[in-house]
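K.L.:
Need a 3D model of the following:
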Amino acid sequence: MALDPRTPVIIGTGQFVNRTKSFDEAIEPVEMMVKAIEAAAADASLKSVPKADAINVVSLLSWKYTNPAWFVAQLLKQEPPHLGYSGTGGNTPQTLVNAAAREILANQFDVIILTGAEASRSRSKARAAGITPDWRKPTEATPQPVQVTEELDMVSPYEVSRGITMPVQIYPLFETALRAANNRTPEQQMQISSELWSRFSEVAERNPFAWSQKALSPEEVRTVGPHNRMIGLPYPKYMNSNNDVDMAAAVIMCSLEKAELLGVPKDHMIFVHSGTDCHEHKFVSNRWSFDRTPAVEIGGKLALDLAHSNIDDIAFIDLYSCFPVAVQLGAQSLGLKLDRDLTLTGGLPFAGGPWNNYVMHAISTMTSVLREHPDERGLIWANGGFTTKHAFGVYAAKPSRDVFKYADPQDEIDKLPMREVAHEREAEGEAIVEAYTVMHDRTGSPEFAIVSCLLPNGKRAWGTSTDTFITKAMCEGEWIGRMARLAADGTISFI
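P.N.:
Predicted coordinates for the structure are as follows:
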């Protein structure tokens, strides 16, 4: 059967890691992006970077360019008509692949370059040395980029008022909720999470582009010590995403027809069979429970259905891995056992978590793996926020029986039950602990307890405490299911 000449394919991917030891070795983000793009062109067996119709850059935090795609184009000596910049979220790289596949199929563009980079490690070294990097800055001549993904407000004013705004605070809450839902003790849950993370570190050890290439035992992962301080109970440092990295990645996509004209070898082409994008109820406070991710269930199954696959057909998987509970929730929602290989890179704590761009590295690694196993398929799950925003992609070295298929199941997800939230006086009184964490300071001392509570009427309310007696006590034993008392300002005490 002849393939549609507009079939979207990945022809090359590239990764670049700068393991700088001092700021003198720093390379600014757009230059790292160019190195990754050049590596992607070489990966496609091309002598130079193909002329792009569009360059889309993943939102970065370590430097403000306004329009980094414009600087990348200048360094490549190209003038593509479309210069895009994404919103935030770890889902973004897969969302950009889904969008690029649709645009190529619709004959909007022939060649699209996707890239992203962070130089967070170098920025931290610069701050420590009192140095302001002499990196490129936008001027009046810098054009505004095209916004290529939408932002989603993921933190409610109520959550802000309680000081609950960061992933390091919220993912530990999910871990305790998942633990309780499975009737595990804290020790049993820690065993599962540390063994999972140990296996991830072993994958990173074999990954030439991983930031940290040292395998850790489960005991090393879970044991708190000078190099592994507690951050948000129950997660010590090794269980948190490592954003202190200098990394870049790039993907070059084009139509099948263009790939053939460029002379890309057929065995270098990777086909994107399907993609989906969706999100949970956007505020954590409104999630029905913290031990399930129904949007992953729906969006993941739909991506597989569109690719005429089920999860057992998928040989290679990379699940988003900022914290252990993210992998566990993703695996649970997709019907995967935890003893499967669930990462190709080693995950964000070990392979590196360059903020929004980790999944670009996962896609690059997936491409290489599928070339080596041309009869197999791979699945990417990308996640942004607090397991909030999701993007899925099914990949293979062989084309699908259809052209690329895409769908957005958001209408179905929006109809799912939402938890009502009680505020101030309405939340005052007795409640049951649903999930909790205790944030620790940099010395490892517990300083801020965050507790999700369910009221007798089924509504959710947040309680917090800085009382030393409470924060220390909550670090021992199981607190889910205990009766608590909430004050109107959210201060929690226990009955």
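K.L.:
and stretch 233-247, how far apart are its ends?
P.N.:
29 Å (CA to CA, to the nearest Å).
K.L.:
from the chain's centre, how far out does stretch 75-86 sit?
P.N.:
Offset of stretch 75-86 from its chain centre (CA atoms, centre = their mean, to the nearest Å): 25 Å.
K.L.:
Going forward, the N-terminal residue is numbered 17.
P.N.:
Will do, 17 is the new start, and the previous item becomes stretch 91-102.
K.L.:
so residue 448 sits in a strand?
P.N.:
Yes: membership of residue 448 in a strand is supported by DSSP: H, G, I helix; E, B strand; the rest coil.
K.L.:
what's the closest non-adjacent residue to it?
P.N.:
Distance criterion CB to CB, 6 or more residues apart in numbering; nearest residue to residue 448, sequence neighbours excluded, is residue 470 at 5.1 Å. Just so you know, the C-beta spots here come from the backbone N, C-alpha and C atoms, and that holds for glycine as well.
K.L.:
For the one you found, list the residues it contacts.
P.N.:
Residues counted as contacts of residue 470 (CB atoms under 8 Å, 6 or more residues apart in numbering) are 447, 448, 450, 476.
K.L.:
so what pLDDT did residue 439 get?
P.N.:
On pLDDT, residue 439 comes in at 85.
K.L.:
Quick one: residues contacting it.
P.N.:
By CB under 8 Å, 6+ apart, the neighbours of residue 439 are 174, 477.
K.L.:
With the one 4 residues further on instead?
P.N.:
Residues in contact with residue 443 (CB under 8 Å, 6+ apart) are 469, 471, 475, 477, 502, 504, 506.
K.L.:
what about residue 77, distance to residue 140?
P.N.:
The spacing between residue 77 and residue 140, counted by CB to CB, to the nearest Å, is 12 Å.
K.L.:
ok so residue 273 is a strand residue?
P.N.:
No: per three-state DSSP, residue 273 lies outside any strand segment and is helix.
K.L.:
Next, find the distance separating it from residue 327.
P.N.:
Using CB to CB, one gets 32 Å for the distance from residue 273 to residue 327.
K.L.:
Likewise for residue 493?
P.N.:
On the measure of CB to CB, residue 493 and residue 327 end up 36 Å apart.
K.L.:
Could you do residue 248 as well?
P.N.:
In terms of CB to CB, residue 248 sits 31 Å off from residue 327.
K.L.:
These two - which one has more neighbours?
P.N.:
Between residue 248 and residue 327, counted using other CB atoms under 10 Å, residue 248 has the larger neighbour count: 24 against 15.
K.L.:
Would you check that that one makes contact with residue 452?
P.N.:
No: between residue 248 and residue 452 there is no contact under CB atoms under 8 Å: 10.4 Å.
K.L.:
What are the boundaries of the strands in the stretch 217-366 of the chain?
P.N.:
246-248, 251-252, 262-271, 286-295, 332-335 (DSSP state E, counting those that start in this stretch).
K.L.:
so which of those strands gets nearest residue 459?
P.N.:
strand 246-248 (10.1 Å; CB to CB).
K.L.:
Could you tell me the angle between the host helix or strand of residue 144 and strand 262-271?
P.N.:
Using DSSP states H and E, residue 144 maps to helix 136-145. Helix 136-145 runs at 150 degrees relative to strand 262-271, counting by axes from the mean of the first three to the mean of the last three CA atoms, to 10 degrees.
K.L.:
residues in contact with helix 136-145?
P.N.:
Contacts for helix 136-145 (CB under 8 Å, 6+ apart): 34, 36, 38-39, 41-43, 77-79, 148-149, 259-262, 370-371.
K.L.:
How about stretch 416-433?
P.N.:
With CB under 8 Å, 6+ apart, stretch 416-433 has contacts from 20, 22-24, 114, 117-118, 121, 287-297, 304, 310-311, 314-315, 318, 322-324.
K.L.:
try 7 Å
P.N.:
Outside stretch 416-433, the residues that touch it by CB atoms under 7 Å, 6 or more residues apart in numbering are 20, 23-24, 114, 117-118, 121, 287-295, 304, 310-311, 314-315, 318, 322-324.
K.L.:
Restrict those to the buried ones and give me that as a ChimeraX selection.
P.N.:
Listed next is the ChimeraX selection for buried residues among the contacts of stretch 416-433, using 16 or more other CB atoms under 10 Å:
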select :23,24,114,117,118,121,287,288,289,290,291,292,293,294,295,310,311,314,315,318,322,323
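K.L.:
is it true that residue 434 lies in a strand?
P.N.:
No: if the criterion is three-state DSSP, then residue 434 is coil and not within a strand.
K.L.:
so where's the longest helix in the protein?
P.N.:
helix 202-222 (DSSP state H).
K.L.:
Using PDB, list the CA coordinates for it.
P.N.:
This file holds the C-alpha atoms of helix 202-222, laid out as PDB (Å, rounded to 0.1, in the frame of the first residue of the first chain):
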ATOM      1  CA  PRO A 202       4.600   3.900  55.000                       C
ATOM      2  CA  GLU A 203       7.500   1.400  55.100                       C
ATOM      3  CA  GLN A 204       5.900  -0.800  52.500                       C
ATOM      4  CA  GLN A 205       5.300   2.200  50.200                       C
ATOM      5  CA  MET A 206       8.800   3.400  50.600                       C
ATOM      6  CA  GLN A 207      10.100   0.000  49.700                       C
ATOM      7  CA  ILE A 208       8.100   0.000  46.400                       C
ATOM      8  CA  SER A 209       9.100   3.600  45.500                       C
ATOM      9  CA  SER A 210      12.800   3.200  46.300                       C
ATOM     10  CA  GLU A 211      13.100  -0.100  44.400                       C
ATOM     11  CA  LEU A 212      11.400   1.600  41.400                       C
ATOM     12  CA  TRP A 213      13.800   4.500  41.600                       C
ATOM     13  CA  SER A 214      16.800   2.200  41.900                       C
ATOM     14  CA  ARG A 215      15.800   0.500  38.600                       C
ATOM     15  CA  PHE A 216      15.500   4.000  37.000                       C
ATOM     16  CA  SER A 217      19.000   4.900  38.200                       C
ATOM     17  CA  GLU A 218      20.300   1.700  36.600                       C
ATOM     18  CA  VAL A 219      18.900   2.800  33.200                       C
ATOM     19  CA  ALA A 220      20.400   6.200  33.600                       C
ATOM     20  CA  GLU A 221      23.800   4.600  34.300                       C
ATOM     21  CA  ARG A 222      23.600   3.100  30.800                       C
END
